[in-house]
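Chemist: Need the 3D shape of this:
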Amino acid sequence: QTLNAILVEMDGFDTDASVILIAATNRPDILDPALLRPGRFDRQVVVDAPDVKGREAILKVHAREKKLSPDVELATLAKSTPFFSGADLENLMNEGALLAALNGQDAIYQKDLEEAREKVQWGREKRSRVLHEDEKKVSAYHETGHALVSKFTPRSHPLHKVTIIPRGMALGATQFIPEKDHNLMSKRRILDEITVLLAGRAAEEVFLDDITSGAQNDFERSTEFARMMVCKWGMSERLGPIAFGKKEEPVFLGRDLTQTRDYSEKTAIEIDTEVQDIIGAAFGRAKSLLQKHIEILHKMAETLLEKETLDGEDIDGILKQYDIEIEPEPARA
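Modeler: You can find the predicted model right below:
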């Protein structure tokens, strides 16, 4: 009834009436088409997440009333916060100020802002959460599996840090920070990302006596990637450049759109088979890389168990001990 009343009022305006209605939503995909007809909300202004220059400008705005140390580099921080919204960046600066105050500092340092970024993105560290030794070992091998495989998949995101300190809901984390914003993802980059996601379970399977439930999120993300490759991005050699499945029209405001199947049962089986093949090939690749570099994995896991956190430079230092040359990401033609 409220929606109908709004539409009646909008339709009742004279063309020369100096009344402008503005509305905002973060779910334009579920708006009733009646709202968007000419004469109603017929102009749409898309406000995307800020790019790297926009993020730096937003950080400068929220840093005006704060005392920053000379070592703070907002440009570097902007590069390491892809997909952060303006609210996320404001929260990051406020968290950095709180950390500086808790540490009794007279200024905000770069390390404070980096810790604040990780808190905003991945959750607060939970050092009070005690893990059993066997859980720490599983977590160490799982996370170093991600980290090591990422070093041999040059198109995956650069490794930032690996830790077995619980953060958020996770017992450990392998953190990657893109060097630049990517608006497009190539097939090879996606396959590298899937391989890295599956490397944690591969490490458990190869080097431990059992497997655990810790790879749930990895499976969800890798399966979503694989299904998008097949059904949306036309990256399946078997099925070709075809999009499968279409969205239904929105039934009620506030309900998610559902996916309808516009293909046969035979095609559905082929889609499932192709998704399984993509996942299987990526898992096999991750497992092969870990088996090939088993000695390095043991060294990385032992070091992680000792120090609890390793950054990218620490991982590179271990690799140099074994004379491993990391292949750089291929240049785009």
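Chemist: Could you pull up the residues touching E143?
Modeler: If you count contacts by Cβ atoms under 8 Å, 6 or more residues apart in numbering, E143 has them with V162, T163, I164, G172, A173, T174, G200, L304. All C-beta atoms are positioned from the backbone trio N, CA, C, and that covers glycine.
Chemist: so the fifth one touches V162, yeah?
Modeler: Yes. Look at A173 against V162 with Cβ atoms under 8 Å: they come within range, at 7.4 Å.
Chemist: ok, the contacts of E143 vs G104, which is closest?
Modeler: Nearest to G104 out of the contacts of E143 is T163 (Cβ to Cβ; 24.9 Å).
Chemist: tell me which residues in the top helix by length along the chain are buried?
Modeler: For the chain, the helix with the greatest residue count under DSSP state H is helix 265-292. Going by neighbour count (16 or more other Cβ atoms under 10 Å), the buried part of helix 265-292 is 270-271, 274-275, 278-279, 282-283, 285-287, 289-290.
Chemist: Now pLDDT too, for the residues you listed, in TSV please.
Modeler: Formatted as TSV, those follow (pLDDT from 0 to 100):
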residue	pLDDT
E270	93
I271	92
E274	95
V275	95
I278	95
I279	96
A282	95
F283	96
R285	95
A286	95
K287	94
L289	93
L290	93
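Chemist: Secondary structure element for the closest residue in space to Q321 that isn't next to it in sequence, which one?
Modeler: Excluding its sequence neighbours, the residue lying closest to Q321 (Cβ to Cβ, 6 or more residues apart in numbering) is K299, at 7.6 Å. Assigned by DSSP states H and E, K299 falls within helix 294-307.
Chemist: what's downstream of that helix, the next helix or strand?
Modeler: Later in the chain than helix 294-307, the nearest helix or strand by DSSP H and E is strand 309-311.
Chemist: That following strand pairs with which strands, parallel or anti?
Modeler: Next to strand 309-311 in the sheet, as set by DSSP bridges, lie strand 159-163 (antiparallel).
Chemist: Report the distance from the partner strand to the chain centre.
Modeler: With Cα atoms, centre = their mean, to the nearest Å as the basis, strand 159-163 stands 14 Å off its chain's centre.
Chemist: try stretch 189-197
Modeler: For stretch 189-197, the distance to the chain centre is 12 Å (Cα atoms, centre = their mean).
Chemist: what's the neighbour count on N26?
Modeler: Residues within reach of N26, counting by other Cβ atoms under 10 Å, total 7.
Chemist: Report pLDDT for it.
Modeler: pLDDT, N26: 82.
Chemist: V47 sits in which helix or strand?
Modeler: Using DSSP H and E, V47 falls outside every helix and strand.
Chemist: And it, how far from K111?
Modeler: 32 Å (Cβ to Cβ, to the nearest Å).
Chemist: do E118 as well
Modeler: Distance, E118 to K111, by Cβ to Cβ: 11 Å.
Chemist: Now for A199: which residues touch it?
Modeler: Applying Cβ under 8 Å, 6+ apart, one finds that A199 lies in contact with G145, H146, L148, V149, S150, A286, L289, L290.
Chemist: For these, give me CSV that also has distance to V138.
Modeler: Compiled in CSV, the contacts of A199 are given as follows (distance: Cβ to Cβ, whole Å):
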residue, distance to V138
G145, 11
H146, 13
L148, 16
V149, 17
S150, 19
A286, 17
L289, 19
L290, 15
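Chemist: ok, so of those, who is nearest E220?
Modeler: H146 (15.1 Å).
Chemist: isn't the closest one right up against T174?
Modeler: Yes. Using Cβ under 8 Å, H146 is in contact with T174, at 3.9 Å.
Chemist: So those two - more neighbours on which side?
Modeler: Neighbours were counted for H146 and for T174 using other Cβ under 10 Å; H146 has more, 27 against 24.
Chemist: Spell out the secondary structure type for A202.
Modeler: At A202, secondary structure determined by DSSP: H, G, I helix; E, B strand; the rest coil is helix.
Chemist: which residues in the stretch 101-250 of the chain form strands?
Modeler: In the stretch 101-250 of the chain, the strands defined using DSSP state E, counting those that start in this stretch lie at 159-163, 173-176, 246-247.
Chemist: Pick the most buried one from the ones you listed.
Modeler: Using mean count of other Cβ atoms under 10 Å, the stretch among the strands of the stretch 101-250 of the chain with the largest mean neighbour count is strand 159-163, at a mean of 23.
Chemist: that older thread, so which of the contacts of E143 is the closest to I58?
Modeler: For the contacts of E143, the nearest to I58 is A173 (25.6 Å; Cβ to Cβ).
Chemist: For the closest one, give its distance to I108.
Modeler: For A173, the distance to I108 (Cβ to Cβ) stands at 24 Å.
Chemist: how about low-confidence regions in the stretch 201-333 of the chain?
Modeler: Applying pLDDT under 70 to the stretch 201-333 of the chain flags residues 246-260, 325-333.
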